[in-house]
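1. this one's structure only:
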């Protein structure tokens, strides 16, 4: 049976969490927090999924304005289905929903650099990460304008 791709499937968080665990991406995502996972899926701008029958085998979760930039937050494929072109197809299916000029950016998993290079992505070393509010420098939290909603 061929793999079927679809946009914005109705995804229960437990099914998505199971996929993330089967893909190794679960090592870097809050799989023990279904409440967060539910919001991750619900609030994404674009979710493209890959299905083998009724089994979720891949997902591309993107945050985007659809015209200038798309942040591919997650690309996960079940390990048993990897090396079959599913990840590549999920990227291509994601691009179909973006304007031709829209760039896709991402943070690669530690061992995925060569994969993304093969997919045509270019390395950019100017990325920065600011973790949750609890990690803000004290001087920044003291300077925050409390009148901002």
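-> Yep, that arrived. Source: prediction; values computed, not measured.
2. where does the protein dip in pLDDT?
-> Across the chain, the ranges flagged by pLDDT under 70 are 134-149.
3. where along it do the helices fall?
-> 13-23, 34-42, 86-96, 113-118, 138-143 (DSSP state H).
4. switch those helices over to a markdown table; also include distance to residue 71 and mean neighbour count.
-> The C-beta positions use only the backbone N, C-alpha and C, and glycine is treated the same way. Output for these, formatted as a markdown table (distance: least, C-beta to C-beta, whole Å; neighbours: other C-beta atoms under 10 Å):
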| stretch | distance to residue 71 | mean neighbour count |
| --- | --- | --- |
| helix 13-23 | 18 | 19 |
| helix 34-42 | 13 | 15 |
| helix 86-96 | 11 | 18 |
| helix 113-118 | 14 | 13 |
| helix 138-143 | 23 | 8 |
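5. which of the ones you listed sits closest to residue 76?
-> Residue 76 lies closest to helix 13-23 among the helices of the chain, at 3.9 Å (C-beta to C-beta).
6. show me what the closest one is packed against.
-> Here helix 13-23 touches helix 34-42, strand 55-64, strand 69-77, going by 3 or more C-beta pairs under 8 Å, 6 or more residues apart in numbering; DSSP states H and E.
7. distance to residue 104 for these - can I get that in TSV?
-> Listed next are these as TSV, based on distance: least, C-beta to C-beta, whole Å:
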stretch	distance to residue 104
helix 34-42	18
strand 55-64	8
strand 69-77	5
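8. determine which of the ones you listed approaches residue 25 most closely.
-> strand 69-77 (4.3 Å).
9. so which elements touch that closest one?
-> helix 13-23, strand 55-64, helix 86-96, strand 103-105.
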